[in-house]
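Compute the structure for the input listed below.
(chains A and B)
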Amino acid sequence: MSDEILGILVGHGKLAEGLLDAVEGITGSREGLVPVDNEDLTPEALEARLLEMVGSRPAVVFVDLPSGSCAFAARRLRARHPGIAVVCGVNLPLLLDFTFHRTLPIEEILERLRDRVGVSIEYSTDADSSVPGR
Amino acid sequence: MPILLCRVDDRLIHGQVVVGWGAQSGLDYIAVVDDELAQSEWEQDLYRAGLSESVEGRFLSVAEALEAIPNWAQNAERGFILTRDIATMCQLAEHAILADIEINLGGLHDAPGRHRVLPYLFLSANDRRELERLRRLHPRVTAQDVPSARKVKLDELLESRSG
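Predicted coordinates:
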């Protein structure tokens, strides 16, 4: 357990809890992931809460908006505490990949996440006639 | 009006400001007036990291802001001015450099001694005194966290003891 990287999910509104609920629905567990929401918190209080959770462990802090208060609190923490990574633009595929690989060294985890951070956009103006209907 | 928003928000540059107020504004800059932050380059870099390339982050002491803001108000650049507390906004208002710009109370969050007045506004006795002072200096002050929310007048706010 001590070798596993902690994942902290910080988001606006109920996003963090909602994403963790989705992770649990798919994997059956939310072990190693902790949700934090920023409701009512001053920047100082949010940062203190993150620091309390991280302790001295290496951790990945997942945040939603790069320009959000959650991201700024996480960046402030990262600037002063080596071993903490900040990943902006969290989504479910990223969290699932993290969940399955959090025993790896943090550098390898981050390399995996970098490869998976993009979004997929699928669009066509024509119907594919080879696809059978239901 | 090139200065589009003049806001008190303890989170300074964050999602509501950048996205909620800023996304449709064609912003050129967001200026934070804060003596401490104006001296801390590494913190300024953190905030700049959250801005798009088209929006400049400016960080000024109160003294610098008192010189710069009257000039900004005359040029074509579109920007926001932020302070993290009411006292700093009072310092700008008492030099009458905000002209007829409405001051927006956008976020003061929970802390010891503060009580909830609105979901995004928690006020201590000292905050209330500062707001009374701000009202005397600048008549146009309202609370509103995001553009779609109801604008709450200062009178209503100060009459309220809790939300």
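
name the helices or strands packed onto the biggest helix by length in chain B?
For chain B, the helix with the greatest residue count under DSSP state H is helix B:125-137. Packing partners of helix B:125-137 (3 or more Cβ pairs under 8 Å, 6 or more residues apart in numbering or on different chains; DSSP states H and E): helix B:86-93, strand B:141-143, helix B:154-159. Glycine gets a C-beta too; all of them are placed from N, C-alpha and C.

let's see 6 Å
Here helix B:125-137 touches helix B:86-93, going by 3 or more Cβ pairs under 6 Å, 6 or more residues apart in numbering or on different chains; DSSP states H and E.

so after the helix it packs on, what's the next helix or strand?
Downstream of helix B:86-93, the next assigned helix or strand under DSSP states H and E is strand B:103-107.

can you tell me if that next one touches chain A.
No: judged by Cβ under 6 Å from any Cβ of the partner chain, strand B:103-107 and chain A are separated, with a smallest distance of 8.8 Å.

strands paired with that strand, and their directions?
strand B:3-9 (parallel), strand B:141-143 (parallel) (DSSP bridges).

quick one on the thing from earlier: please save the CA atoms from the longest helix of chain B in PDB.
C-alpha atoms of helix B:125-137 as PDB (Å, rounded to 0.1, in the frame of the first residue of the first chain):
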ATOM      1  CA  ALA B 125     -18.000  41.900  11.400                       C
ATOM      2  CA  ASN B 126     -14.800  43.500  10.000                       C
ATOM      3  CA  ASP B 127     -15.900  42.700   6.400                       C
ATOM      4  CA  ARG B 128     -19.200  44.400   7.100                       C
ATOM      5  CA  ARG B 129     -17.400  47.500   8.300                       C
ATOM      6  CA  GLU B 130     -15.300  47.500   5.200                       C
ATOM      7  CA  LEU B 131     -18.400  47.200   3.100                       C
ATOM      8  CA  GLU B 132     -20.000  50.200   4.800                       C
ATOM      9  CA  ARG B 133     -16.800  52.100   4.100                       C
ATOM     10  CA  LEU B 134     -16.800  50.900   0.500                       C
ATOM     11  CA  ARG B 135     -20.400  52.100   0.100                       C
ATOM     12  CA  ARG B 136     -19.500  55.500   1.300                       C
ATOM     13  CA  LEU B 137     -16.600  55.700  -1.200                       C
END
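
For it, buried residues please.
Neighbour counts over helix B:125-137 (16 or more other Cβ atoms under 10 Å in any protein chain shown) mark B:127, B:130-131, B:133-135, B:137 as buried.

Dump these into a markdown table; add pLDDT as well.
Formatted as a markdown table, the buried residues of helix B:125-137 follow (pLDDT from 0 to 100):
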| residue | pLDDT |
| --- | --- |
| B:127 | 95 |
| B:130 | 96 |
| B:131 | 96 |
| B:133 | 95 |
| B:134 | 95 |
| B:135 | 93 |
| B:137 | 92 |
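
can you redo those residues as CSV with distance to residue A:60?
What follows is the buried residues of helix B:125-137, written out as CSV (distance: Cβ to Cβ, whole Å):
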residue, distance to residue A:60
B:127, 36
B:130, 40
B:131, 41
B:133, 45
B:134, 42
B:135, 46
B:137, 46
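
before we move on, back to that, so which of the strands paired with strand B:103-107 is the most surrounded?
The highest mean neighbour count among these, using mean count of other Cβ atoms under 10 Å in any protein chain shown, belongs to strand B:3-9: a mean of 23.

could you point out which element follows that one?
Going down the chain from strand B:3-9, the next helix or strand is helix B:15, by DSSP H and E.

Average pLDDT for that following helix, rounded please.
Across helix B:15, pLDDT averages out at 89.
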